[in-house]
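Undergrad: predicted model and sequence follow; I will ask about them next.
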Amino acid sequence: MPPRVNEPVDVFRFIDMRGKDDCWTWNGTWGGRSRDRRPYFMANGRRTMAYRWVWELVTGDQIPEGVMVLHSCDNGGYPIGCCNIAHMRLGSVADNSADMTERQRVGLPHTVVRAIRRLIEQGMTQQDIANRYALSRETVSAIATGRIYKRIHED
Ligand SMILES: [Zn+2]
């Protein structure tokens, strides 16, 4: 029997699709740099990240060259490789490194923390805020309860 060749839509066979707000875990193969492993899927002779296939299949749009899929949940890498499109947005490489710099070295800019607090007061859901700023819902919750960024006050 010839080896089975994947169609793009077969990517969903390897995704543990949970609730609409949950991370959807990748059960297929992994690739990328050893310190930044990503879910990879090959179909139609093209091998790329599983969540890029998902984005293209769900939206019907091809992701332009140089554009990355960013994860609001921060779970795009191993061991989750989140494939829930609700956690994805498109961004540039610069956006991605800005996100990482923001989160890992500097923390969120004070203006963002204040804006998030205002949105919480206005009644926006923590998930919507998380999506807007590409943060995890846990981070937004921690800001809401004052567990983090307590020392940032309104000017
Ligand atoms: Zn996720």
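TA: Sure thing, it's come through. Only a predicted model underlies this, so the values are computations on that prediction, with no experimental measurement involved.

Undergrad: just the helices in this protein please.
TA: In the chain, the segments counted as helices under DSSP state H are 50-59, 93-101, 110-121, 126-133, 137-144.

Undergrad: mean pLDDT for those: which is lowest?
TA: The weakest mean pLDDT among the helices of the chain belongs to helix 93-101, with a mean of 66.

Undergrad: can you report phi and psi for the nearest residue to G76 once chain neighbours are set aside?
TA: The spatial neighbour of G76 that comes closest, neighbours along the chain excluded (CB to CB, 6 or more residues apart in numbering), is C82 at 5.9 Å. Heads up, the C-betas are built off the backbone N, CA and C, glycines and all. Torsion angles at C82 (phi, psi; degrees, to the nearest 10) stand at phi -50, psi 130.

Undergrad: now C82: how far from G31?
TA: C82 sits 16 Å away from G31, going by CB to CB, to the nearest Å.

Undergrad: so the two - more neighbours on which side?
TA: Neighbour count, other CB atoms under 10 Å: between C82 and G31, C82 has more, with 26 against 14.

Undergrad: need the contact list for that one.
TA: C23, W24, T25, W26, Y51, H71, C73, N75, G76 (CB atoms under 8 Å, 6 or more residues apart in numbering).

Undergrad: likewise for T48?
TA: For T48, counting by CB under 8 Å, 6+ apart, the contacting residues are Y40, F41.

Undergrad: and it, how far from the ion?
TA: As for T48, its distance to the ion is 18 Å (criterion: CB to the ion, to the nearest Å).

Undergrad: contact residues of the chain facing the ion?
TA: C23, C73, N75, C82, N84, H87 (CB under 5 Å from the ion).

Undergrad: let me see the contact set for the most centrally placed residue in the chain.
TA: For the chain, H71 is the residue whose C-alpha lies nearest the centre (CA atoms, centre = their mean; 1.1 Å). Shown here is H71, whose contacts under the criterion CB under 8 Å, 6+ apart are Y51, C82, H87, M88, A134.

Undergrad: just the buried residues of those residues.
TA: Using 16 or more other CB atoms under 10 Å as the burial test, the contacts of H71 include Y51, C82, H87, M88, A134 as buried.

Undergrad: the residues of the chain next to the ion: which two are farthest apart?
TA: Between all members of the residues of the chain next to the ion, the longest pairwise span (CB to CB) is found for N75 and N84 and amounts to 8.9 Å.
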